[in-house]
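Participant: Take this sequence and fold it.
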Amino acid sequence: MEVIICKDTTEMGEIAARHIIAVLARSTHPVLGVATGSSPLSTYQALARLAKADMADFSNLSAFALDEYIGLSPDDERSYTATIKHTVTEQLGLDPANVHVPEGSARDLVAACQNYEKAIKAAGGVDIQILGIGGNGHIGFNEPSSPFSSRTRVMTLAPRTREDNQRFFHADEAVPTHCLTQGLGTIMEARHLVLLANGEAKAGAIAAAVEGPVSAMCPASVLQFHQQAVVIVDEAAASKLANADYYRHVQKNQLDGWGVADQRG
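Facilitator: Below you'll find the predicted structure:
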């Protein structure tokens, strides 16, 4: 796991975007895993700037979202389908037919989960997956105690997660109680992972994920087992990392041909 500490979200987005583009450029049919939330926004903005400057080509890019609420129409502005449309599809100029989100409004939710897994495999798998992290260490909507082998499935949202998402809804009771999410096993099959976090509120979760024991009680800690995982954080999110000085030392003393700058693997 490589940890990169940045001065602010703008630098986070620029570093993540360059890494993503380098990985996608190796594939003739690139597949990007996308996440919602505030942490990836600067990355999407940086990707859009690079595309406008003809430094990236997303014309044949496919995208798969991590999760979706159950019970919200895809047209509901609070749905992740709508969020991905605004922050990813439109900004990057993607073909909407190539952008996939779990079908949280499906009548048969089990079949919807199975079909999503099949769609990812049919696309050749995810080249690089963007991740955020919840205050309780969740990635996607894999709440604490999620099995590391889990696949796309129905999940009950933890009270803390619903609390964190209240700002997107007009009342507490309007926050959905359930969702569809890619499982930890599904996420770990992506060839590259990039976890983004900013702000002091994420510092505890980042410390647990990066330096704590690998445990189902901190779902993001499973990333310690991935050979191509990069964690990009700002100073506030890095504030509880015991080895922060070492990570900064590694950044300043990279060998040529190693690390995110080389995009190996």
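Participant: quick one: pLDDT of Glu163?
Facilitator: On the pLDDT scale, Glu163 is placed at 87.
Participant: can you count the residues close to it?
Facilitator: 13 (other Cβ atoms under 10 Å). Backbone N, C-alpha and C define where each C-beta goes, glycine included.
Participant: Can you name the element that comes right after the lengthiest helix in the chain?
Facilitator: Among the segments of the chain that qualify as a helix by DSSP state H, the longest is helix 9-24. Downstream of helix 9-24, the first helix or strand assigned by DSSP states H and E is strand 31-34.
Participant: Sheet-wise, list the partners of that next one with their directions.
Facilitator: strand 62-65 (parallel), strand 128-131 (parallel) (DSSP bridges).
Participant: out of these, which comes closest to Ala46?
Facilitator: Proximity to Ala46 (Cβ to Cβ) singles out strand 128-131 among those, at 11.9 Å.
Participant: So which bits of the helix or strand that comes right after the closest one are buried?
Facilitator: Downstream of strand 128-131, the next assigned helix or strand under DSSP H and E is strand 153-156. Buried residues in strand 153-156, defined by neighbour count with 16 or more other Cβ atoms under 10 Å: Arg153, Val154, Met155.
Participant: count of neighbours near the nearest residue to Ala65 once chain neighbours are set aside?
Facilitator: Distances taken as Cβ to Cβ, 6 or more residues apart in numbering place Val101 nearest to Ala65, at 4.2 Å, with adjacent residues excluded. Number of residues near Val101 (other Cβ under 10 Å) recorded here: 24.
Participant: which residues are contacting the least confident helix or strand in the chain by mean pLDDT?
Facilitator: Least confident helix or strand, the chain: helix 159-164 with a mean of 89, by mean pLDDT, DSSP states H and E. Identification of contacts with helix 159-164 by Cβ atoms under 8 Å, 6 or more residues apart in numbering yields Gly134, Gly135, Asn136, His138, Phe141, Glu143, Asp172, Val175, Pro176, Thr177.
Participant: Return the set of buried residues in that helix.
Facilitator: Thr161, Arg162, Asp164.
Participant: CA atoms of that helix as CSV?
Facilitator: What follows is helix 159-164, C-alpha atoms only, in CSV (Å, rounded to 0.1, in the frame of the first residue of the first chain):
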residue,chain,number,x,y,z
PRO,A,159,-27.1,4.4,11.9
ARG,A,160,-23.9,6.4,11.6
THR,A,161,-23.9,6.1,7.8
ARG,A,162,-27.5,7.4,7.6
GLU,A,163,-26.5,10.2,10.0
ASP,A,164,-23.6,11.2,7.8
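Participant: Please pick the buried ones from the contacts of helix 159-164.
Facilitator: Gly134, Gly135, Asn136, His138, Phe141, Glu143, Val175, Pro176.
Participant: From the residues you listed, pick the one nearest Arg107.
Facilitator: When these are compared against Arg107 (criterion: Cβ to Cβ), the nearest one is Pro176, at 16.7 Å.
Participant: So that closest one, which state does it fall into?
Facilitator: coil (DSSP: H, G, I helix; E, B strand; the rest coil).
Participant: and Met188, what pLDDT?
Facilitator: What the model reports for Met188 is a pLDDT of 99.
Participant: Now render the buried residues of helix 159-164 as TSV, adding distance to Thr43.
Facilitator: Shown next, in TSV, are these (distance: Cβ to Cβ, whole Å):
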residue	distance to Thr43
Thr161	22
Arg162	25
Asp164	20
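Participant: any idea which of those is the one closest to Ala63?
Facilitator: Distances from Ala63 to the buried residues of helix 159-164, taken by Cβ to Cβ, are shortest for Thr161, at 23.2 Å.
Participant: Report how many residues lie close to the nearest residue to Ala216 once chain neighbours are set aside.
Facilitator: Spatially, and ignoring its direct neighbours in sequence, Ala216 is nearest to Ser145 (5.3 Å; Cβ to Cβ, 6+ apart). As a burial measure, Ser145 scores 10 neighbours (other Cβ under 10 Å).
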